[in-house]
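> please find the sequence and the predicted model below.
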Amino acid sequence: MKKITHHPIDIVVAWVDGADPVIRQKKTSFLKSNGSFFHPGASQTRFHSLNEVEYCVLSILKFAPFIRNIFIVTDQQDPKIDRAIKQYFPERFRDIRIVDHYEIFEGYEDYTPTFNSICISNMLWRIKGLSDQFVYFNDDIFLLRPINPSDWFVNNKPVLRGKWSFPPYERLLWDELKEKFMQFFTSKKHQERSASFQVNQWNAAKKLGFRWRYFRSGHTPVALNRQTLKNYFDNHPEMLKKNISFRFRNYYQFNTVALANHLEIKSGNKNRMISQVIYLRTHKRGKEYVNRKLSIAGNNKNFLFICAQSLDLANVKDQEKVIQKMKTLLELDIK
């Protein structure tokens, strides 16, 4: 039986299968339209899927049964998780809905298709029927153990996971010097700066008047207030349009999560928590890296989440280790 809290909490999962020929054709057409202009945000690993979304959703249903609905946001695709949901959580099948980009970009169709996670996250608050309290997942994030509503919301306000950091001055300076070098000494005069997770967060903090520090979040589930985002973007429509105008992730965009976090801080929200996430990036790591990380994930109860980023770049053996770990944690027998 689904357990509902007084203030319902929904989950939003962003997902794409970059191997889909239709998606690949859409992406290629926009890359070609820009001639020789290089898009760092078009790297294929940003779009690959190894069916992580299935384990993501199953981990939510198992370890956060209080969740009301799960919305999977995608671009005219089907994650094909029906069989697994019906097998393990048949009573929750109707609580999962696929949301197309056309729903969240309604009225902003000129900005679709988009291949930019920042643009998509900018528009998540526009999901029809979404609770004011919701948690944003990427499909490579999984729950490791039971979660309480208070891990995400306290006194109806989001729990902000992260820490205060100095602005990324070194990265900003290095990027500027590198760009000037490219312009004057190489043929790559139009190469775009590689988007930076930290710089995009700092861009958001700066817009809200933060100067000497910013609240830096990691790759973890993020608690958000729908009304906070709606109010801000309703009052700053041109800022929203500019930010969603980039088809691929861009250095000069602002990060939606960072914007929401800093809006919460300015409003007096003092709910703070460390990330409590195991960050697993298996590409070009040591032989025992995956075993060590998975051991910590299973044994250290202080960690609630695991992020397996760019799992498609790992060797097959390490991919199988991660998938098997998720099956064990979730007590699944998925073929």
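Thanks, I have the structure now. Numbers count the residues shown, from 1 in each chain.
> which parts of this structure are strands?
Under the criterion DSSP state E, the chain carries strands at the ranges 9-14, 70-74, 96-100, 133-138, 141-143, 153-154, 157-158, 160-161, 163-165, 214-216, 222-225, 272-273, 277-281, 305-309.
> restricting to C-alpha, output the first one in PDB.
In this case it means strand 9-14. Listed in PDB are the C-alpha atoms of strand 9-14, where the atom choice follows Å, rounded to 0.1, in the frame of the first residue of the first chain:
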ATOM      1  CA  ILE A   9       6.700  14.300  -2.400                       C
ATOM      2  CA  ASP A  10       7.200  13.400  -6.100                       C
ATOM      3  CA  ILE A  11      10.400  12.300  -7.900                       C
ATOM      4  CA  VAL A  12      11.500  13.500 -11.300                       C
ATOM      5  CA  VAL A  13      14.000  11.400 -13.300                       C
ATOM      6  CA  ALA A  14      15.700  12.800 -16.400                       C
END
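> quick one: buried residues of that strand?
Applying a neighbour-count criterion of 16 or more other C-beta atoms under 10 Å, the buried positions in strand 9-14 are 9, 10, 11, 12, 13, 14. Every residue, glycine included, has its C-beta placed from N, CA and C.
> over to the last one?
Within strand 305-309, the residues scored as buried using 16+ other C-beta under 10 Å are 305, 306, 307, 308, 309.
> before we move on, what about stretch 76-84?
When neighbours are counted by 16+ other C-beta under 10 Å, the buried residues of stretch 76-84 are found to be 77, 79, 81, 84.
> torsion angles phi and psi at the second one?
Which is residue 79. In this entry, residue 79 is assigned phi and psi values of phi -70, psi -10 (degrees, to the nearest 10).
> show me what contacts it?
Residue 79 sits next to 15, 17, 53, 54, 72, 98 when contact means C-beta atoms under 8 Å, 6 or more residues apart in numbering.
> repeat that for the first one.
The neighbours of residue 77, taking C-beta under 8 Å, 6+ apart as the test, are 15, 16, 17, 20, 23.
> so what pLDDT did the spatially closest residue to residue 123 that is not a sequence neighbour get?
Spatially, and ignoring its direct neighbours in sequence, residue 123 is nearest to residue 104 (4.1 Å; C-beta to C-beta, 6 or more residues apart in numbering). Confidence per residue is given as pLDDT, and for residue 104 that number is 98.
> all helices for the chain, in order.
For the chain, helices defined by DSSP state H occupy the ranges 21-32, 52-63, 82-88, 101-104, 117-122, 169-185, 197-207, 226-235, 237-243, 256-266, 289-299, 316-330.
> pipe the ones you listed into JSON lines and attach distance to residue 94 per row.
Output for the helices of the chain, formatted as JSON lines (distance: least, C-beta to C-beta, whole Å):
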{"stretch": "helix 21-32", "distance to residue 94": "27"}
{"stretch": "helix 52-63", "distance to residue 94": "13"}
{"stretch": "helix 82-88", "distance to residue 94": "10"}
{"stretch": "helix 101-104", "distance to residue 94": "18"}
{"stretch": "helix 117-122", "distance to residue 94": "24"}
{"stretch": "helix 169-185", "distance to residue 94": "45"}
{"stretch": "helix 197-207", "distance to residue 94": "35"}
{"stretch": "helix 226-235", "distance to residue 94": "21"}
{"stretch": "helix 237-243", "distance to residue 94": "32"}
{"stretch": "helix 256-266", "distance to residue 94": "28"}
{"stretch": "helix 289-299", "distance to residue 94": "31"}
{"stretch": "helix 316-330", "distance to residue 94": "21"}
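> out of those, nearest to residue 140?
In this view, the helices of the chain are compared for proximity to residue 140 by C-beta to C-beta, and helix 52-63 is the closest at 5.1 Å.
> so which other helices or strands are in contact with that closest one?
Packed against helix 52-63 by the contact rule (3 or more C-beta pairs under 8 Å, 6 or more residues apart in numbering; DSSP states H and E) you find strand 9-14, strand 70-74, helix 82-88, strand 141-143, helix 316-330.
> now do 6 Å
With contacts defined as 3 or more C-beta pairs under 6 Å, 6 or more residues apart in numbering; DSSP states H and E, helix 52-63 has these neighbours: strand 141-143, helix 316-330.
> which residue is the nearest non-sequential neighbour of residue 159?
Of all residues beyond its chain neighbours, the one nearest residue 159 is residue 271 (4.5 Å), with distances taken as C-beta to C-beta, 6+ apart.
> pretty sure the one you found contacts residue 154?
Yes - in this structure, residue 271 sits in contact with residue 154. The criterion is C-beta atoms under 6 Å, and the distance is 4.8 Å.
> widest-spaced pair of the contacts of residue 79?
Of all the pairs that the contacts of residue 79 form, the one spanning the most space (C-beta to C-beta) is 54 and 98, at 13.5 Å.
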